[in-house]
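K.L.:
Predicted coordinates and the sequence they were generated for:
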Amino acid sequence: MIFMKLVLHPLAAEIVKTLETHDHEAWIVGGAVRDLLLNLPSYDWDVTTSATPEEITPLFPESFYDNEYGTVKVAGKHLREQFGVGSDDDDDLLFDITTYRSESEYSDKRRPDSVVWGKSVEEDLRRRDFTINAIALRVIHDSRFKIQEKYDVELVDPYDGQRDIEQNVIRAVGDPAERFEEDALRIMRAIRIAAQLGFTIEPATFTALTSKVPNLRHVSWERIGAETMKLLSTDHAADGVLLMASTGILDIVMPELLLAKGVAQAGHHIYDVFTHSVEALRACPSPDPVVRLATLLHDVDKPTVAKAQGVRGVTFYNHEVVGARTAKRIADRLRLPKRDQDRIFTLVRWHMFHYEPKLTDSAIRRFIRRVGKENIHDMMALRVGDRVGGGSRATSWRLTELQKRIGEQFYEPLSLKDLLVNGADVMRILNIKPSRKVGEILNALFEEILDDPAKNTKEYLEKRIGELK
C-alpha cells in the first residue's frame, strides 16, 4: 500500500464516500489515477466497487444501467444536485461506477464472452490493459467526509504502474500478447496513449502489439475511427501516425496514405509525399482533429496522379480534386459525421490556392465563398502545416496579405442568404410559381453582387429581377 495526498474531483470523492458508507469497497481507477500522478487534468472518472449494479443504482437516484458489463453511469449535473458540491463545469461529465469484474474469453477480439463479478480490487486490476492504467486509489476514512483541495489517499499498484509513469513507458499488464488478443482495440489505445503522453512503448509490449495488428480487422470502424480522432487530438499526433505506419496499423486504417512513401517531390519540398504529410500534421496549429486529418490527407492522391515532367521532375496535376474524394472516403470509413466529412472534402479540395496582389476584391470574395466562411481559419491552419511540412517558414508576405484582404471582405455578401431579395420576391415580381427559374435568377443576382457589393439593395435587385425574366 502507498499513501499520499492528491487533488481529487469532489464528485468522485463523494461517490467513493457514499459506497463505503453503505459497506461497499470503492476505488477510483484507470486514466484518472494516471493523470493525477502525472499532474494532468482528468475528465474520465471511473470508480470500481464491490457493490453490484442493483446495489449501486439506489445510492445515486439519477444513475442508469443499460449494459451487461456492470457499469452504472451518472451525470455530473445529477451528482452536483445530490451532493451540493462541484461546479457548472462538471455538468457534462459522466462518471462510471463498475462492479469488480473477472472476465472470460474474448471470441470476437473485442468484448468478453461473459462477465463474472470479481471479489477484490486486485482481481479487477488484473484485467486492465496497461500498468499505468492498473492503479487504484481510495480516499482514507479520516478525510473522506469533508471537501478539501487535497485528500489523503491509499494506492494499490500491483504492476508497478507508478514506476512506468516515472519512466514514461507503456507496458501491458501481464502477458502482452494475451492483452492484445483479448481486446484488439488495445492495439490502437497503446499508440494513442503513447502519443497523448509522449511515452514510449516497451519492447515486449511493442512486439506483441505488432504481431496482433491483424486482429484490428475484428474491431468496428466506429471504434477505430474514435481512437484515430483521439490520437489526432494529441500533442504528438504525428509520432502516433508514424507508429501506426511502422506497426502495420496504417495498412488497415488508411492504406491510401502509405502509397505516398518514397514519392519524391520537386520545387521547395525537402521530403517525399508521405513524410511531408506527416510533418504537415506535426506543424498544423489547429487543435481540431478534423482539420488535422485534412492536413494529413491533403496530398493523399499525389501518388495516383504523378507524372514525370522533364527537368521539373514530377507534377501532380489535379491531386487536390482527386484527393478530396479519397479524403472524404477515408473520413466515411472512420465513421465521421457527415458534416466533418464535408469539411475534410472542402479543405483538401481547395488547399491549392494561390495569391497575387493583382487579385481583385471580387476574386477574394469568390475564394471565401468556395472555402466557406466557417472554414477559412481551418484552411489557413492547413496551409501553415503544408508550408512547414514542405520546409518553408510558417507564413509569407503573400499569406499575410491574403489573410488581411480576407478580413476586409469577410463581412461583404458571400452567400445567397446575404441577398436583400429572396425567392418569394422573384415569384412575386415575375408572377411565377416555384421552379428552377427562381434559383437561376437568384444565382445571377448573386454573381453581380459578388463583383460589386454596392448593388445589394432591394431597389436595384428588384429592378434586375424584372430585366432577367
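P.N.:
That came in fine, so what should we check first?

K.L.:
Specify the beta-bridge partners of Val74.
P.N.:
On the basis of DSSP bridges, Val74 is bridged to Phe95.

K.L.:
I figured it hits Phe60, correct?
P.N.:
Yes: assessed by C-beta atoms under 8 Å, Val74 is found in contact with Phe60 at 4.7 Å. C-beta coordinates here come from the backbone N, C-alpha and C atoms, glycine included.

K.L.:
Glu182 versus the closest residue to Ala204 other than its chain neighbours, what's the distance?
P.N.:
The spatial neighbour of Ala204 that comes closest, neighbours along the chain excluded (C-beta to C-beta, 6 or more residues apart in numbering), is Pro176 at 5.7 Å. Plainly put, Pro176 is 11 Å away from Glu182 if you go by C-beta to C-beta, to the nearest Å.

K.L.:
ok, the two, which is more surrounded?
P.N.:
Taking other C-beta atoms under 10 Å, Pro176 and Glu182 do not tie; Pro176 has more neighbours (25 against 20).

K.L.:
Below-threshold pLDDT in this structure: ranges please.
P.N.:
Applying pLDDT under 70 to the chain flags the ranges 1, 67-70, 103-114, 141-149, 267, 308-313.

K.L.:
how about the strands of it, start to end?
P.N.:
2-6, 26-29, 46-49, 71-75, 94-99, 101-103, 115-117, 136-139, 151-156, 169-170, 200-201, 307-308, 314-315 (DSSP state E).

K.L.:
Redo those strands as JSON lines? Include mean neighbour count and distance to Ala12.
P.N.:
Supplementary listing: the strands of the chain in JSON lines, determined by neighbours: other C-beta atoms under 10 Å; distance: least, C-beta to C-beta, whole Å:
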{"stretch": "strand 2-6", "mean neighbour count": "12", "distance to Ala12": "11"}
{"stretch": "strand 26-29", "mean neighbour count": "26", "distance to Ala12": "6"}
{"stretch": "strand 46-49", "mean neighbour count": "24", "distance to Ala12": "7"}
{"stretch": "strand 71-75", "mean neighbour count": "20", "distance to Ala12": "11"}
{"stretch": "strand 94-99", "mean neighbour count": "21", "distance to Ala12": "7"}
{"stretch": "strand 101-103", "mean neighbour count": "17", "distance to Ala12": "19"}
{"stretch": "strand 115-117", "mean neighbour count": "15", "distance to Ala12": "22"}
{"stretch": "strand 136-139", "mean neighbour count": "24", "distance to Ala12": "9"}
{"stretch": "strand 151-156", "mean neighbour count": "19", "distance to Ala12": "10"}
{"stretch": "strand 169-170", "mean neighbour count": "21", "distance to Ala12": "24"}
{"stretch": "strand 200-201", "mean neighbour count": "20", "distance to Ala12": "29"}
{"stretch": "strand 307-308", "mean neighbour count": "8", "distance to Ala12": "59"}
{"stretch": "strand 314-315", "mean neighbour count": "16", "distance to Ala12": "56"}
